[in-house]
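Colleague: test case, fold it:
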Amino acid sequence: MPPSFRNGVYGGILVAVVFGLCLVALWRPERQIRLHSAHLLSQIEKKDWTAVAQFIGRDYQDRWGDDRALLLERMREVFRVIPNARIEAGDPQVRVEDSKGFWTAKITVNGAGEFAVLIQERVNSLSAPFEFEWRLQSSKPWDWKLVCARNPALEISGP
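Modeller: Next up, the predicted model:
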């Protein structure tokens, strides 16, 4: 079949539809929450605190009294004493409710260092999984921010 303008238009429409379907699949809230959570843990491992801060919402609050600034400070302190930390999330589950998303998984921390054993024992022995609450910040389907982290079994004392 010789090339023609009509065939070119049909081909262009087909490519646009396939591209659009790929974007819809990529921007599904469940997928975005799964990707954001994985990327957040990866940036914590790398100790890239600027990148970590971009994932955390300005309105972050948790039951331990952390706001965004205190959370970042505590993460820096904890992961400073665990060089080459590895964070693994076992069997993550995602659910979405309106403009909120919840990522739940058992998190384990591994690494070496002076205080690594203490931190690993405390986190890895928790019976309850961690839950990250994400909130869609705008009409952009990729604009999710972490607004809360929960684990009812984790006790943190002092600021």
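
Colleague: closest to the centroid, which residue in this protein?
Modeller: residue 37 (1.6 Å; C-alpha atoms, centre = their mean).

Colleague: surely that residue and residue 103 touch.
Modeller: Yes - using C-beta atoms under 8 Å, residue 37 makes contact with residue 103 at a distance of 4.3 Å. For every residue, glycine as well, the C-beta is placed using N, CA and C.

Colleague: what touches both of those two?
Modeller: 92, 132, 134 (C-beta atoms under 8 Å, 6 or more residues apart in numbering).

Colleague: per-residue confidence for the last one?
Modeller: Here the pLDDT value assigned to residue 134 is 98.

Colleague: so what touches the helix or strand hosting it?
Modeller: For residue 134, the host element (DSSP states H and E) is strand 130-136. By C-beta under 8 Å, 6+ apart, the surrounding residues in contact with strand 130-136 are 29, 33, 36-37, 40, 57, 59, 99-107, 143-151.

Colleague: restricted to buried residues, select those residues in ChimeraX.
Modeller: Of the contacts of strand 130-136, the buried ones can be selected in ChimeraX as follows, counting by 16 or more other C-beta atoms under 10 Å:
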select :29,33,36,37,40,57,100,101,102,103,104,105,106,107,144,145,146,147,148,149,150,151
